[in-house]
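A.B. asks: Give me coordinates for this.
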Amino acid sequence: MLYEDYTDFGRAFITEFNNVYLERLARGLKSHGAVIAPFLGDVERTRDEVMSKDWTIEEWRQVSQVPALLVISKNFDDFSPRSDPWVIFHFGEEQYGSSAGLAELDKTLKAIAASVGDSDSSHQTLYQIARNITNERPDLGLAFSLQPNIFGFSIDLIKAGSYLRDLIQDRRRPVGRKPGAQGS
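C.D. replies: Just a heads-up that it's a prediction; the model follows:
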């Protein structure tokens, strides 16, 4: 998790988010992943460590938008944004600063946990879902090519929350195919 703690919203969001929503996300992931969040006093140092990775200028701009959830597939010390897939999910005060907004965020985080923990081998990975979102709906996020067939993604949960949940939760169709569409 990436935060800023120098605003009233930032401090309140960290407390609420860590105590309720991140704990739910961590439990939902079970043994399929880990949630790492900084202690309140380490927010800026943790953010600095993330920002010190080898991001391009545009990636750096995306990663610097907080609060956000950075999803990676390996230990952070070994992670390189140049060679490892990553997704950053943005959410902010305008959408998630209210009770209704936090309920929406909770639904989206539950869908993310379900995607990661799904044992169905035909189910799309979170990275594949992010790739399809940015291909189909470039207004909802950005894709960054890292190496052939390896991408980083920036997804705006303010805009993409329900669309992302629909893609994750609809296991009867391939990601990106509209209901009722013909094809194999």
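A.B. asks: Could you count how many residues lie near residue 109?
C.D. replies: Residue 109: 25 surrounding residues under other CB atoms under 10 Å. Yep, even glycine has a C-beta here, placed from its N, CA and C like the rest.
A.B. asks: Ignoring the adjacent residues along the chain, who's closest to it?
C.D. replies: residue 25 (4.7 Å; CB to CB, 6 or more residues apart in numbering).
A.B. asks: same thing with residue 134?
C.D. replies: residue 143 (4.1 Å).
A.B. asks: Secondary structure element holding that neighbour?
C.D. replies: Secondary structure assignment for residue 143, by DSSP states H and E: strand 141-147.
A.B. asks: Could I get the buried residue list for that strand?
C.D. replies: Residues of strand 141-147 classed as buried: 141, 142, 143, 144, 146 (neighbour count, 16 or more other CB atoms under 10 Å).
A.B. asks: low-confidence ranges in this structure?
C.D. replies: For the chain, the stretches with pLDDT under 70 are 1, 3-11, 13-14, 92-98, 117-124, 146-150, 158, 169-184.
A.B. asks: As a check, name the ranges of all strands in it.
C.D. replies: Ranges of strands in the chain, per DSSP state E, are 68-72, 86-90, 141-147, 150-156.
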